[in-house]
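from the sequence below, what's the structure:
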Amino acid sequence: MMKTTKTATVKMTTKTVTMVVATVVFFSAVKAVNADTLLRIDTDLLIDVPSGSDYKFSFDISECSQRGDEYIQVDLYDNGYSYGMDTSERPDPMLMIARGNTVYPSTSYNADLQKWSWSPTSTQKDEDGYDTFRPYHRIVIDNRVCTEQCLSGDQVCVSTCETEKSRGDIFKGVVKNVEYFTQNRLNGNLRARCSSTPPCPEPDGKECNNKGTCTDINSNSVGVCSCVDGYGDVACDAVVTTLPNGEQQPTTGNPFLLNEKMWDYYSFEVTAPAGSESTIIVELNRLYGDPILFVKRAADGKANGGSGIVNGVPSTQDFASLADVNSFRSRLDHHHIELTNADSGLYYVGVFNNNQYLKEVSKYYLRARWNNNNAGVETPMCPFDCFGDSQGVCGADIPNGKSVCTCQLDAFGGEYCQGKVIPFDTDDHYWRGINGVIAPGEWNYIKIDTAYLPSATKDGLRVIFSYLGNGHPLLIIKYNDFPSYENADTILSSSRNVRSPTEFHITADVMSRTGVYYIGILNINYYVHEEFSYNIIINVGSSSSEKLPSFISVSLVMIFSLFVCMLIALAKRIVQNRQLARMRALRAAQIAANPELAFTFGGAGNRRVEPFRGTPQNVISRIPIVTFRGAGDEPKLDDCDYSCAVCLDEFENGDRLRQLTLCGHQFHTACLDEWLGQHDNCPLCRAPIEATSQEGGERVEDDNEQQQQQQQQQNIELTSVFRPSNGEDANDNRNDNNSAYSVV
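Model prediction:
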């Protein structure tokens, strides 16, 4: 499996990495297992590299030159690997070497670009092996004279080669166990060997895995494994099943089974006379899981202008170029890849069961077909055979070079006649709608001609969709063609939890052209695997739930909102004025009942100017704190104010209030504390917080009768504000935690 640098499938990685910064950079010299280890030619070296660490080594190729062996291969094999291991359980080694006795190669990763870079630039590395998460890595050094390595007359190549060889016969190497994707220890085997011919891969020390022969193709610097039947990939270490021409596999009736995040590989050989080309169609019929279909010509690869790795099986890095992306993204049951004008040779088919969206064992059937279009004869060949003669016929000699399906008119439709077509053309359809039943993975197409609904181009369409069953309906529309998830003009609904019934409005912009429109209904066979029955009613006009508000409606809403805001502001002002009036009336009543409390006011009711007197903190802290409990549904007492005279807000159930001991008034704790920071009297009646000394040092003696009168008034207020709950005595002591109020 490929790692996500490795552009196609970031979501297919085994571990999602959160990037704290835009660019994540790893340096190979950050941590090192050892200073340097000498790797001797033809000698295996066991290495142990923790995740995130580097193993440094060096080797001398002069011994190979003395033998006349001008090819040197450096191999790395993961000894802990076993077939079928999840990539999250494996290490992530990167093998790199650089010529010279002074510099170890290093690497850095740019997370934004999803690319690695190496230093020095001449660093050799097995990038393909790293990208595809192979357990086997190798690098081949071509130490022939430069004129043999380079094409005749390529002086740039010769100059670069000579500069590189001038650095000597010592190579510095690094095995970096990258921690970016997985975090597992590497238990590996490292080896360097000489060869007089271009070497082939040797996984676990076995040339071509003992499943093929090594050949030198076009005198390249690396050999190529020609694998026996049943095996494939660069080193013949992948199990590959051979596909016959035109026969669905497996033939026993039971589908192939593929676990999550695993690959199945297949192969077939196309042979044709020289100069002729073939048409190839590979079809996958999906039943369960989330398979992705890949087809690759083995000899193609990045090294010769193609896609993928030369002589390698497909990998997830080939997703964009070699996979049936549309069928995978559209959650279809029928996947296919068609290659026209295809060259002869070995082809690999790969099936990968992705588990990022659906964690399920994949079940599928597979068929590969190819024909040889030579001597002016072309055999028509269409995907899935147009689902049989009863639904469509495959036609050849199409100008674009591809055979196409001609479907039974107004009966079946789609790219390969896979869906049932239902014309919307009767009054019964208009008033009662169209009914149908769709099995998992199947299509219905509702054909709408604007000749029958001419005003639809001006007013759009109103669609009411109802269904019964546990299926997953997808509703899409397209002009003059059968829609798919990828080409639809509008997607009406793709949710598995779409309400029934649901009303949609297809706007006049979508319906602006005269002609035929198709509403496609697919029962997505993905999260659920059951059929559903449906009814769809189509009328001209806007959806009642989606009509755009008119300018007048918007204006009325804005005017009403402003009016409500003004009413709220006016009501708040009235409430505040009432609270102030009540505060003043209560203050006057207090002074009238207790003339001594008016000592801070002048005869005209004006406050006398006095020097600042704040209340000491130790006095404030002694003022009792009570918990307010409202009167509930019982009537409030007329002479009791249920608001704080400092902030003018009414008390609410559970508010913590300070209760002044002399006058009995209550205030929010924070409000009174702030007031007493600047004053030493009650905010409401200006009574002192506690008894103070008179001028001349004489202490004010409390009058028993006045004190009793104040206490009686205080009890009245407490009874009205802190009303006991049912079954409790209104005369309980305030310090009784079981009372309707409590003093803290």
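
ok, how many other residues are close to the closest residue to residue 688 other than its chain neighbours?
Distance criterion Cβ to Cβ, 6 or more residues apart in numbering; nearest residue to residue 688, sequence neighbours excluded, is residue 681 at 5.4 Å. Placement of C-beta: from N, CA and C, glycine included. Neighbour count for residue 681, taken as other Cβ atoms under 10 Å: 22.

same question, residue 499
Residue 499: 10 neighbours (other Cβ under 10 Å).

for residue 473, see how far away it is.
Distance of residue 499 to residue 473, computed by Cβ to Cβ, to the nearest Å: 11 Å.

contacts for the helix or strand where residue 137 lies?
Residue 137 is located in strand 136-142, with elements delineated by DSSP states H and E. Contacts with strand 136-142, where a contact means Cβ atoms under 8 Å, 6 or more residues apart in numbering, come from 61, 70-78, 93-97, 124-126, 129-130, 149, 171, 198-199, 201-204, 221-222, 235, 237.

quickly run through the sheet partners of it, with directions.
strand 71-78 (antiparallel) (DSSP bridges).

who's in contact with the helix or strand that the partner strand is followed by?
Per DSSP H and E, the first helix or strand lying C-terminal to strand 71-78 is strand 93-99. The contact list for strand 93-99 (Cβ under 8 Å, 6+ apart) reads 28, 49, 74, 76, 78, 104-105, 107, 118, 120, 122-126, 129-130, 137-139, 141, 164-165, 167-168, 170-178, 186, 188.

and the next helix or strand after strand 93-99, what does it pack against?
Moving toward the C-terminus from strand 93-99, the next helix or strand (DSSP H and E) is strand 106-110. Packing contacts for strand 106-110, counted by 3 or more Cβ pairs under 8 Å, 6 or more residues apart in numbering; DSSP states H and E, involve strand 115-119.

quick one: work out the angle between the strand it packs on and strand 93-99.
Using axes from the mean of the first three to the mean of the last three Cα atoms, to 10 degrees, the direction of strand 115-119 lies 30 degrees away from that of strand 93-99.

mind listing residues that contact strand 115-119?
Under Cβ under 8 Å, 6+ apart, the answer for strand 115-119 is 5, 96, 105, 106, 107, 108, 109, 110, 125, 127.

how far away from the center of its chain is whichever helix or strand comes after it?
Sequence order places strand 124-125 as the next helix or strand after strand 115-119, per DSSP H and E. Here the centre of strand 124-125 is set off from its chain's centre by 34 Å, with Cα atoms, centre = their mean, to the nearest Å.

would you map out the domains in the protein?
What the record gives for the chain is the domain set 1-196, 422-540, 576-692+702-721, from automatic domain parsing.

okay, now the nearest residue to residue 255 once chain neighbours are set aside: neighbour count?
In this structure, residue 255 finds its nearest non-sequential neighbour in residue 363, 4.3 Å apart by Cβ to Cβ, 6+ apart. Residue 363 has 17 neighbouring residues, counting by other Cβ under 10 Å.

and residue 363, what element?
strand 362-373.

please save the CA atoms from that strand in CSV.
Output of strand 362-373 as CSV, limited to C-alpha atoms (Å, rounded to 0.1, in the frame of the first residue of the first chain):
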residue,chain,number,x,y,z
SER,A,362,-15.5,-6.9,-0.4
LYS,A,363,-17.3,-9.4,-2.5
TYR,A,364,-17.0,-9.1,-6.3
TYR,A,365,-16.8,-10.8,-9.7
LEU,A,366,-14.3,-10.0,-12.3
ARG,A,367,-14.0,-10.3,-16.1
ALA,A,368,-11.3,-9.3,-18.6
ARG,A,369,-11.9,-9.2,-22.4
TRP,A,370,-9.8,-8.1,-25.3
ASN,A,371,-9.8,-8.4,-29.1
ASN,A,372,-7.4,-7.8,-31.9
ASN,A,373,-8.5,-5.2,-34.4
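
name the surrounding residues that touch stretch 558-578.
residue 648.

try it again at 10 Å.
643, 648, 649, 650 (Cβ atoms under 10 Å, 6 or more residues apart in numbering).

can I assume the second one is in contact with residue 581?
No - contact between residue 648 and residue 581 fails when scored by Cβ atoms under 10 Å: they sit 11.3 Å apart.

more neighbours, those two?
Set residue 648 next to residue 581 and count neighbours by other Cβ under 10 Å: residue 648 wins out with 16 against 10.

and that one, backbone torsions?
phi 70, psi 10 (degrees, to the nearest 10).

ranges for the helices of this protein?
62-67, 127-131, 146-149, 155-165, 319-322, 325-329, 427-432, 456-459, 551-593, 617-621, 669-676, 704-721 (DSSP state H).

my guess is residue 169 contacts residue 61, does it?
Yes - counting by Cβ under 10 Å, residue 169 sits close enough to residue 61 to count as a contact (4.9 Å).

more neighbours: those two, which one.
Legend: neighbour count by other Cβ under 10 Å for residue 169 and residue 61, higher for residue 61 (22 against 17).
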